[in-house]
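Visitor: Could you look at this predicted model? Sequence included:
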Amino acid sequence: MDDDEFDQVPQILFENVTSLSKIGTPGTLIPMTQDTRAVLCGDDSNNVLVVATRFRNGRCLVFAHNGYPAIFLNNDTKNQHFVDNCRRWLSQGKDAQFESIDSIESMDSVKEKGTILVWNGHNNKSDPFMDDLRGFLQEGGALVCAATAWGWLQRYKGKVLSDFPFACFCDSLGVKLTDNCGRSPDPIPFRPEMIKFKNVCNAAQHYFMLFYFKYEYSNIFKLKNIFKLNKVNLIAS
């Protein structure tokens, strides 16, 4: 999947869909790398609630509340069109089924089935399991996953997000969980204009170019003033 195709992910997932139901109080996510894209924002562009990732040959969607995996496993008619769009994108056009991995201890039972895996990240997984899950994605697998980071921190007093196995897993995919509570209406409207930056890399490039052009314009302005001053001096002499 090239960059141009990846840039269209928000429109693909929300084709003929105007909004997504709000579940609880979502947190916020930060798409860090060029292999991530912000998909859905809340009240502003800093409130990223859904992120898409490409991981070698695989695809993943990360949600900012651990209630969202349920909509892929239940007959959720309210969000069915969104779920169907996600299915097509994640499975790369195949009619794959969703399958929970919350209760399993090994990837061996699911990695060859061709299903889209669904993980509520509050069900902790071991490091070997998460290594196998990354390998599954690299080989072209698909995953829907989610967590409410601020809620996890409230439950585990004294812990930080680096202690949260799911947060570490997301880090490896280029998605950063935050301890913020997101702000959004219910339902959450899909407003592509709210996605001001695809990811942190894109934002950094944007601000670098702004700084560069501002710097260059300032230099040109200075050169013009110097030229005018020299011209005045030549005339005076």
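Guide: Looks like it arrived, so ask away.
Visitor: If you count neighbours, what's buried in stretch 15-29?
Guide: Neighbour-count burial for stretch 15-29 flags V17, S19, L20, K22, I23, P26, G27, T28, L29 (criterion: 16 or more other CB atoms under 10 Å). C-beta: built from backbone N, CA, C; applies to glycine.
Visitor: If we ignore the residues flanking it in sequence, what's nearest the fourth one?
Guide: This means K22. Using CB to CB, 6 or more residues apart in numbering and skipping the chain neighbours, the partner closest in space to K22 is D186 (3.7 Å).
Visitor: Of all pairs in the buried residues of stretch 15-29, which one is the farthest apart?
Guide: V17 and G27 (22.1 Å; CB to CB).
Visitor: Redo the buried residues of stretch 15-29 as CSV? Include secondary structure and distance to A96.
Guide: What follows is the buried residues of stretch 15-29, written out as CSV (DSSP: H, G, I helix; E, B strand; the rest coil; distance: CB to CB, whole Å):
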residue, secondary structure, distance to A96
V17, coil, 19
S19, strand, 25
L20, strand, 21
K22, coil, 27
I23, coil, 23
P26, coil, 26
G27, coil, 28
T28, coil, 29
L29, strand, 24
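Visitor: Not counting sequence-adjacent ones, nearest residue to C168?
Guide: S162 (6.8 Å).
Visitor: tell me, how many neighbours does the one you found end up with?
Guide: Neighbourhood size, S162 [other CB atoms under 10 Å]: 8.
Visitor: Kindly list the main-chain dihedrals of it?
Guide: phi -70, psi -10 (degrees, to the nearest 10).
Visitor: Correct me if wrong: it contacts K176.
Guide: No - if you go by CB atoms under 8 Å, S162 and K176 don't touch, sitting 11.0 Å apart.
Visitor: give me the element the residue most central in space within the chain is part of.
Guide: Nearest residue to the geometric centre of the chain (CA atoms, centre = their mean): V51, 1.9 Å. Using DSSP states H and E, V51 falls within strand 48-55.
Visitor: Can you name every helix or strand that that strand contacts?
Guide: Judged by 3 or more CB pairs under 8 Å, 6 or more residues apart in numbering; DSSP states H and E, strand 48-55 is in contact with helix 9-13, strand 29-31, strand 36-41, strand 58-63, helix 127-138.
Visitor: List of residues touching the last one?
Guide: In this case it means helix 127-138. 55-60, 101, 105-107, 111, 117, 119, 125, 143, 165, 168-169, 172-173 (CB atoms under 8 Å, 6 or more residues apart in numbering).
Visitor: do you know how far the closest residue to G114 other than its chain neighbours is from A147?
Guide: Nearest residue to G114 in three dimensions, chain neighbours excluded: A96, at 5.9 Å (CB to CB, 6+ apart). From A96 across to A147, the span is 23 Å (CB to CB, to the nearest Å).
Visitor: Give me the more crowded residue out of those two.
Guide: Set A96 next to A147 and count neighbours by other CB under 10 Å: A147 wins out with 29 against 17.
Visitor: Touching, the more buried one and F166? I think so.
Guide: Yes - A147 lies in contact with F166 (CB under 8 Å); the separation is 4.8 Å.
Visitor: Overlap in contacts, those two.
Guide: Listed as contacting both A147 and F166 by CB under 8 Å, 6+ apart are G121, H122, L177.
Visitor: What about those, which are in strands?
Guide: L177 (DSSP state E).
Visitor: Select from the shared contacts of A147 and F166 the one having the most neighbours.
Guide: Most surrounded of the shared contacts of A147 and F166: other CB under 10 Å gives L177, at 26 neighbours.
Visitor: okay, now the residue nearest to it when sequence neighbours are not counted: neighbour count?
Guide: Nearest residue to L177, sequence neighbours excluded (CB to CB, 6+ apart): A149, at 4.1 Å. Taking other CB under 10 Å as the neighbour definition, A149 ends up with a count of 26.
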